[in-house]
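**Q** Okay, structure incoming, though there's no sequence with it:
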């Protein structure tokens, strides 16, 4: 039963149903075209026969009005003598019903139009269209035309229409069968692939043919979605692993601190435990902020932000941090650079970049912040980041110091990328030779008052 159901699955496809609909419309169009052809051919021949009968009746009645019944009889004899095809039929009947002239043996009793079967001399019967008209002095006149040619034409048209309709039906059903089976097979392959992916084979992808049709476009879209989902799942696993790895050490230290406090509750031991708790809380707060930024929820609160003022403020705040490492913090900020965004997040982004540059820059070296109408740059002259690690450092908890011996949680650049992505800023890491250059390509909607950069201000 299941095999039979799968064999006829194509009949439930949309392609097969559309084909059937198209077939019905085609049959309706064929019937309409056949009706028009009938009207133009057989209908025209029938109308022509009616006109010939009416014309003949009119001529004979006019002869009767001029010469009486004898004139009609003479006209009938003359017409029959001139009829070489034998398609004309006449009858002039006296008031008592006796035939006076013509080749018809009898006539209908009622006046008007009639279609009768007339037996020929060779014994065959032919259809004849008759018009019966009473005469003023009594009697009747009958004029008829043979309809054999008209009926033969109608029969040929009907046969042709039936053959054409049958051909359209067979070809349409065959086309629907072929198309439906093809669509059913492609849909079954897609369904099977998606079932494998649902079962856990995330690397499985839908087959894309070379036709470029809607199935190929749909497969490409689904494959792109699956690539995105697989990347997100991979990132989620990496984040989970990183969280488990990075939280183990501070939690272990916190446990040790608490054990020390339990044995000897000294103020400095309690303060150390509180410091570990604060570090953990800061880490979770950073994770929550990254998740909030990546969700796009903060975009609803965007306003026009004076990016020049934000950059100037961040440079002033971190000047003292640079002094502690005997570094020079230089800023070259164009005035009036504005953009749509969240001022707090943009401040956090520049602050994280300056903090990283100061922390990882060379002691006694130089840190530089540059802001222009098209981009912002933060650079230092420290050891920099190897090219192979420049993409990885944007991952949560990823740190170049695998031993985690230096302070930090590995979330700073992850937050920077999230904020940049939210604001449409393209971020890239480059070699400053020596050191690291972080380049922020601002969106095209950024505006600046004046093209020239303001004179750089140095912060010792």
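**A** Thanks, I have the structure now. The structure presented is a predicted model; accordingly, all values stated were derived computationally and were not measured.

**Q** So which bits of the lengthiest strand in the chain are buried?
**A** Counting by DSSP state E, the longest strand found in the chain is strand 125-134. Using 16 or more other CB atoms under 10 Å as the test for burial, strand 125-134 gives 126, 128-132. Bear in mind the C-beta positions are built from the backbone N, C-alpha and C, glycine included.

**Q** Let me know the closest of those residues to residue 306.
**A** Nearest to residue 306 among the buried residues of strand 125-134, counting by CB to CB, is residue 129 at 98.1 Å.

**Q** Contact partners for the closest one?
**A** 49-50, 53, 113-115, 144-145, 147 (CB atoms under 8 Å, 6 or more residues apart in numbering).

**Q** how does it look with 10 Å?
**A** Going by CB atoms under 10 Å, 6 or more residues apart in numbering, residue 129 touches 46, 49-50, 52-53, 89, 113-116, 143-147, 150.

**Q** Residue 440: what's its closest spatial neighbour, skipping adjacent residues?
**A** Counting by CB to CB, 6 or more residues apart in numbering, residue 440 lies nearest to residue 376, which is 4.3 Å off, once chain neighbours are set aside.

**Q** which stretches of the stretch 351-460 of the chain have low pLDDT?
**A** Scanning the stretch 351-460 of the chain with the threshold set as pLDDT under 70 gives 396-410, 445-460.

**Q** Tell me which stretches of it form helices.
**A** With helices called from DSSP state H, counting those that start in this stretch, the stretch 351-460 of the chain shows them at 412-422.

**Q** In it, what residue spans correspond to strands?
**A** For the stretch 351-460 of the chain, strands defined by DSSP state E, counting those that start in this stretch occupy the ranges 366-371, 375-380, 426-431, 436-441, 457-459.

**Q** Kindly report the same for the stretch 1-150 of the chain.
**A** 88-93, 99-102, 112-119, 125-134, 140-146.

**Q** which among the contacts of residue 129 gets closest to residue 220?
**A** So of the contacts of residue 129, ranked by how close each gets to residue 220 (CB to CB), first place is residue 46, at 60.6 Å.

**Q** The closest one reaches residue 150, doesn't it?
**A** Yes - applying CB atoms under 10 Å, one finds residue 46 in contact with residue 150, separated by 5.3 Å.

**Q** So for those two, which residue has more residues nearby?
**A** residue 150 (21 against 18; other CB atoms under 10 Å).

**Q** The nearest residue to that one once chain neighbours are set aside: neighbouring residues, count only.
**A** Leaving aside its sequence neighbours, residue 150 sits nearest to residue 45 (CB to CB, 6+ apart; 4.5 Å). Neighbour count of residue 45, defined by other CB under 10 Å: 16.

**Q** want to throw the strands of the stretch 1-150 of the chain into JSON lines with distance to residue 73 and mean pLDDT?
**A** Listed next are these as JSON lines, based on distance: least, CB to CB, whole Å; pLDDT from 0 to 100:
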{"stretch": "strand 88-93", "distance to residue 73": "6", "mean pLDDT": "88"}
{"stretch": "strand 99-102", "distance to residue 73": "4", "mean pLDDT": "87"}
{"stretch": "strand 112-119", "distance to residue 73": "20", "mean pLDDT": "87"}
{"stretch": "strand 125-134", "distance to residue 73": "15", "mean pLDDT": "89"}
{"stretch": "strand 140-146", "distance to residue 73": "10", "mean pLDDT": "90"}
